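[1] Here is the input, now give the coordinates:
(one chain, ligands or ions: 1)
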Amino acid sequence: MSLEGTAVSIKSMEIRGAAEIARRAADALRQEALEYQGHDAKELWARMQRGKGMLLASRPTAVSLWNGVQAVFKGASPEMGSDVLRRTLVSNADTFIKRANEAVDIIGRMGSKRIRDGDWVLTHCNSKAALSVIIQAHKEGKKMEVFATESRPWRQGLLTLRDLAFVGIEPTLIVDSAARWLMKDVDVVVVGADTICSNGALINKIGTSQIALAAHEARVPFLVAAETFKFSPKTMYGELVEIEERDSSEVVRPDEVPAGAKILNPVFDATPPEYIDAIITEVGLVPPSAAYEIIVKELGHEFIFERN
Ligand code: RI2
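    Numbers count the residues shown, from 1 in each chain. Sure thing, here's the model as predicted:
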């Protein structure tokens, strides 16, 4: 797929999931570098910057995309000559994609320790990191009742059902508004992340904060499965996370909307750190209060200051 095609598919959500959009963006930049036939480092650089801009403009909320794109450019500059520049970009992209894939497995192995035999587990949307935790617990022979929210309007819950059924778990779907009703019987909630802010707040699929609130009220542990590249260096400098709003036609057909009525379709929300028991990352299980440290240690100062 071309870089333009990747950007369009991320925007249309044909490619979706916070980690997947980052991996595919890194791969698109890798291809772009490999396809450049010339020997002009400045020309290659300009082409890569154009591609970077296009990918970053595709979806605004998940910092994984920004971190993935930044990772490809780490230590790269047009001054290094076209061959070294190309090699640096390709190797950075390869490293990012490999680490991103490994992280999901590590998170699964660590997070599964928080699930006990017989637990009722609730998840929201379709997070590969969160599902890695549940699937690993299943592989360890733990019997669970797993509930997936429908996750309107995109209904990613159906993808979750498919992913879980594929490995032999028999999941149950609930509508989003049934989450609090079910919570009295839930033992643990596991969700993914699009962005974790430097203060530990979680930005994830719309509805996550209501589930966290219900879990908090019912004293049910609320776990977040998140690779370190879901942590946002940008928030360290006070930037607020832009919450994507998508077209109203994703919620209702335009002919269903009476004249004078409006439809609002925010696709993410913010869960305050006090509702989060732990964040499961590939470098360990951390409290939300460790977010600042994760950003500095794992993403690094060089990374943080590469802002353009
Ligand atoms: P992984 C998704 O966003 C969901 O919000 C999900 O929780 C998050 O990405 C993380 O997914 P969307 O692309 O990276 O469906 O864990 O809007 O797969």
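
[2] now the helices for the stretch 201-308 of the chain?
    Using DSSP state H, counting those that start in this stretch, the helices assigned to the stretch 201-308 of the chain run over residues 208-217, 233-236, 291-294, 301-305.

[3] now the ones you listed as JSON lines including distance to the ligand, mean neighbour count and mean pLDDT?
    Placement of C-beta: from N, CA and C, glycine included. Conversion of those to JSON lines gives the following (distance: least, C-beta to the nearest ligand atom, whole Å; neighbours: other C-beta atoms under 10 Å; pLDDT from 0 to 100):
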{"stretch": "helix 208-217", "distance to the ligand": "7", "mean neighbour count": "21", "mean pLDDT": "98"}
{"stretch": "helix 233-236", "distance to the ligand": "17", "mean neighbour count": "20", "mean pLDDT": "92"}
{"stretch": "helix 291-294", "distance to the ligand": "16", "mean neighbour count": "18", "mean pLDDT": "96"}
{"stretch": "helix 301-305", "distance to the ligand": "19", "mean neighbour count": "13", "mean pLDDT": "54"}
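
[4] which bits of the stretch 151-300 of the chain sit near the ligand?
    With C-beta under 6 Å from any ligand atom as the criterion, the stretch 151-300 of the chain meets the ligand at residues 156, 191-194, 204-205, 267.

[5] Redo these as a markdown table? Include pLDDT, distance to Arg50 and neighbour count.
    As requested, these are arranged in a markdown table below (pLDDT from 0 to 100; distance: C-beta to C-beta, whole Å; neighbours: other C-beta atoms under 10 Å):
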| residue | pLDDT | distance to Arg50 | neighbour count |
| --- | --- | --- | --- |
| Gln156 | 98 | 31 | 21 |
| Val191 | 98 | 35 | 27 |
| Gly192 | 98 | 31 | 28 |
| Ala193 | 98 | 29 | 29 |
| Asp194 | 98 | 25 | 29 |
| Asn204 | 98 | 31 | 29 |
| Lys205 | 98 | 31 | 25 |
| Val267 | 97 | 27 | 19 |
